[in-house]
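[1] Structure of the sequence below:
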Amino acid sequence: MTDTRRRVKVYTLNEDRQWDDRGTGHVSSGYVERLKGMSLLVRAESDGSLLLESKINPNTAYQKQQDTLIVWSEAENYDLALSFQEKAGCDEIWEKICQVQGKDPSVDITQDLVDESEEERFDDMSSPGLELPSCELSRLEEIAELVASS
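    Numbers count the residues shown, from 1 in each chain. So this is what the prediction gives:
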């Protein structure tokens, strides 16, 4: 019997911002020596050929969407998506990605995405700087209290 939990369609985003179907297969995760890391592998349902071999990068932002979709960018202008037949399979692979990245699988995105407007808001904060005493061992407690109270 075929394991439908891990049955996926692989998609890539084209220049027109449309998703292109790259094929249907079964996803697994494992260590790939050539990539020197844990990777997602998708083998084609039809002939077992490799549809996808993608190293799980610790700094890549993976997103889980609609319970059966995992989306990420491999490189600039190269977005990928795995669409799972079953939620259980998506959850399994999501947990593997989170395990490699040391993230909480209950959160639907693995990296904090800060948009520029939010960064600018932090830059525009006009709170006065904290005046710290000189950094000496004898003043460590005083410095700690100042930092904690600010």
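
[2] Strands along the protein, start to end?
    Counting by DSSP state E, the chain has strands at residues 7-13, 19-32, 37-44, 50-55, 63-65, 69-75, 78-84.

[3] buried set for the last one?
    Okay, so that is strand 78-84. 79, 80, 81, 82, 83, 84 (16 or more other CB atoms under 10 Å). All C-beta atoms are positioned from the backbone trio N, CA, C, and that covers glycine.

[4] circling back: which one of the strands of the chain lies nearest to residue 140?
    strand 37-44 (40.6 Å; CB to CB).

[5] wait, which of the strands of the chain is closest to residue 149?
    Taking CB to CB, strand 63-65 is the member of the strands of the chain nearest to residue 149, at 37.7 Å.

[6] Now do that closest one: distance to the chain's middle.
    9 Å (CA atoms, centre = their mean, to the nearest Å).

[7] Report the buried residues of that strand.
    Buried, per 16+ other CB under 10 Å, within strand 63-65: 63, 64.

[8] ok so, going back, make a markdown table from the strands of the chain and add distance to residue 138 and mean pLDDT to it.
    Converted to a markdown table, the strands of the chain look like this (distance: least, CB to CB, whole Å; pLDDT from 0 to 100):
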| stretch | distance to residue 138 | mean pLDDT |
| --- | --- | --- |
| strand 7-13 | 59 | 96 |
| strand 19-32 | 51 | 96 |
| strand 37-44 | 47 | 96 |
| strand 50-55 | 50 | 96 |
| strand 63-65 | 49 | 95 |
| strand 69-75 | 50 | 93 |
| strand 78-84 | 55 | 96 |
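
[9] got the ones you listed as TSV, with distance to residue 100 columns?
    Listed next are these as TSV, based on distance: least, CB to CB, whole Å:
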stretch	distance to residue 100
strand 7-13	18
strand 19-32	8
strand 37-44	5
strand 50-55	9
strand 63-65	15
strand 69-75	13
strand 78-84	15
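
[10] Which among these is found nearest to residue 103?
    Closest among these, once you apply CB to CB, is strand 63-65, at 11.1 Å.

[11] Give me the contact list for that closest one.
    Strand 63-65 has contacts (CB atoms under 8 Å, 6 or more residues apart in numbering) with 70, 71, 72, 90, 94, 108, 109, 110.
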